[in-house]
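Participant: generate coordinates for the sequence data below:
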Amino acid sequence: MPSTWSKILQASARSMSMNEDSWQRHANPLSVYSRMSILPLMTLAIVSRIWLGWWALLPIAGVLFWTWWNPRAFSAPTSTTGWASHGTFGERVMLNHAEFPVPDHHMSWARGLAALAGVGIVPWVYGLWQLDWGFILMGLTLTMGAKLWFVDRMVWLYQDMKSASPTYASWER
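Facilitator: Model (predicted):
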């Protein structure tokens with residue numbers, strides 16, 4: 001029976017409708033780095049309710065679309081030897097942990113960093129509700145910092161696991 005962590009990972013992957021082509025495109029550093037714009041853009045979209053009222057749903061929908069489209073927005077990179085590409089590959093390895101088990105220390109770090117990002121969502125949401133920029137910035141810092149650290153751990157995971165499968169090794173070119 002799949003663990004809760006496995007179910008969360010699989011639900012996340014399904015919600016993004018990722019296929020081989022979109023994963024290849026997402027390995028482009030422009031995709032990885034521009035993805036960091038999502039939470040700040042969502043912040044601005046939600047805060048825009050002050051000026052736009054219910055029309056703020058339009059920029060919110062735009063950010064949700066950008067979240068889905070981002071892994072598809074850029075071409076596949078010519079080289080996948082860089083940090084950003086390896087971070088994407090590590091995420092794929094993590095998603096595939098049921099088929100090729102991931103070392104426990106990588107699983108522990110991934111869970112811990114996901115939890116830290118989740119903790120950051122609490123002050124972010126509270127700050128957005130109260131329009132308190134201190135809480136918004138605290139939440140953004142925790143969540144985005146944990147996400148960047150998570151990507152860095154995924155680089156390490158990929159480097160440790162690329163020899164576990166010919167498929168993993170083939171991603172690097």
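Participant: centre-most residue in this protein?
Facilitator: Closest to where the C-alpha atoms of the chain average out (C-alpha atoms, centre = their mean) is residue 147, at 6.7 Å.
Participant: tell me the SS of the residue nearest to that one when sequence neighbours are not counted?
Facilitator: Distances taken as C-beta to C-beta, 6 or more residues apart in numbering put residue 117 closest to residue 147, at 5.6 Å, once the chain neighbours are dropped. C-beta: built from backbone N, CA, C; applies to glycine. Of the three states, residue 117 takes helix according to DSSP: H, G, I helix; E, B strand; the rest coil.
Participant: number of nearby residues for residue 90?
Facilitator: 27 (other C-beta atoms under 10 Å).
Participant: give the buried residues for the host helix or strand of it.
Facilitator: Element membership of residue 90, judged by DSSP states H and E, is helix 83-95. Buried residues in helix 83-95, counted by 16 or more other C-beta atoms under 10 Å: 84-95.
Participant: closest one to residue 138 out of the residues you listed, please.
Facilitator: Among these, residue 87 lies closest to residue 138 (C-beta to C-beta), at 24.7 Å.
Participant: from residue 103, how far off is the closest one?
Facilitator: According to C-beta to C-beta, to the nearest Å, residue 87 stands 17 Å off from residue 103.
Participant: now the helices for the protein?
Facilitator: Here the chain has its helices, by DSSP state H, at 4-16, 20-26, 29-34, 38-47, 49-52, 57-73, 83-95, 104-130, 133-161, 166-170.
Participant: any chance of the ones you listed in CSV, plus mean pLDDT?
Facilitator: Formatted as CSV, the helices of the chain follow (pLDDT from 0 to 100):
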stretch, mean pLDDT
helix 4-16, 68
helix 20-26, 92
helix 29-34, 96
helix 38-47, 98
helix 49-52, 97
helix 57-73, 96
helix 83-95, 96
helix 104-130, 96
helix 133-161, 97
helix 166-170, 93
